[in-house]
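> sequence first, then the predicted structure, then my questions.
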Amino acid sequence: MAKKKINWIGFHLLLLMLFTAGCEYWENLTNSGSGSSSSSSTNSSSPTPPPKTEPAHGPATVNILEKSPFIGQDLDPTFWSNLEAYCKAGPTQLIIADMDRIPSQMSRAGFGGRWTAQCYALGSTVAGMNWSPKPGDSGLDELSRARGQIDAWWSRYINAVVQVMQKAPQTTAIIIVNDSFDELGIRLGPATYRAMGSVQGRVQIGHMEPEPR
């Protein structure tokens, strides 16, 4: 009987010790959580300076028509995605219409004919002129029949340039470079400028030769 009583007392002492230890653990855990919450609240209220970002490149120029912005008469999405990322990475000037490059780009797009005819067709079409080929000029006659496609091709191109410039506000552009009297930059330049709408303030038309007589 005495042995049972001793065991009973020992059992209750053990429960009491476990209860006391549990209370101390809970108190420590609660105090630790309160301190962490207070610290977190203090840190969250402190102003965090914005991360400093440096452009990946300094001032740069991209002559678009030196590259491959098209697949046939359509835009190459990979090229334009890469160009947008490049323009966002640093101050960039875009050259839109290098007149020396236009004939090769038109040929790749399927607009045949000699280079002077191609420049004439592009400049006159984009300028909205009701032009017609000279009798017997088969090259220009073919381009005349494709004027709707030419206009759509150039419009897609300019819209893509505008979208890049809208997404990269530090980007500027110049339209006409390397013009000569028979390439008709004077027709292409102003019409292209008018089509650039919201980004016109960052666009220069460039040097244009006078209209040939």
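Arrived safely, thanks for sending.
> so where's the chain uncertain?
Applying pLDDT under 70 to the chain flags the ranges 1-54.
> the residue nearest the centre of the chain: what's its closest spatial neighbour, skipping adjacent residues?
The centre of the chain sits closest to residue 84, judged by Cα atoms, centre = their mean, with a distance of 2.7 Å. With sequence-adjacent residues excluded and distances taken as Cβ to Cβ, 6 or more residues apart in numbering, residue 84 is closest to residue 164, at 5.0 Å. Using the backbone N, CA and C atoms, a C-beta is placed for each residue, glycine as well.
> is that neighbour in contact with residue 86, as I believe?
No - counting by Cβ atoms under 8 Å, residue 86 is not a contact partner of residue 164; they are 9.2 Å apart.
> those two: which has the busier surroundings?
When neighbours are counted by other Cβ atoms under 10 Å, residue 164 and residue 86 differ, and residue 164 comes out ahead with 24 against 17.
> phi and psi next, for the more buried one.
Per-residue torsions, residue 164: phi -60, psi -40 (degrees, to the nearest 10).
> mind listing the strands for this protein?
All strands of the chain, identified by DSSP state E, fall at 60-63, 70-71, 74-75, 92-98, 172-177, 203-206.
> Serialize the ones you listed to TSV and add fields for mean neighbour count and distance to residue 195.
Below are the strands of the chain laid out as TSV (neighbours: other Cβ atoms under 10 Å; distance: least, Cβ to Cβ, whole Å):
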stretch	mean neighbour count	distance to residue 195
strand 60-63	14	19
strand 70-71	16	17
strand 74-75	13	16
strand 92-98	22	11
strand 172-177	22	10
strand 203-206	18	10
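> flag every buried residue along stretch 156-174.
157-158, 160-162, 164-165, 168, 171-174 (16 or more other Cβ atoms under 10 Å).
> and stretch 185-203, how far apart are its ends?
End-to-end distance for stretch 185-203, by Cα to Cα, to the nearest Å: 15 Å.
> what does stretch 123-137 give?
18 Å.
> likewise stretch 171-186?
For stretch 171-186, the first-to-last residue distance is 24 Å (Cα to Cα).
> could you do stretch 200-213 as well?
Its first and final residues considered, stretch 200-213 spans 30 Å by Cα to Cα.
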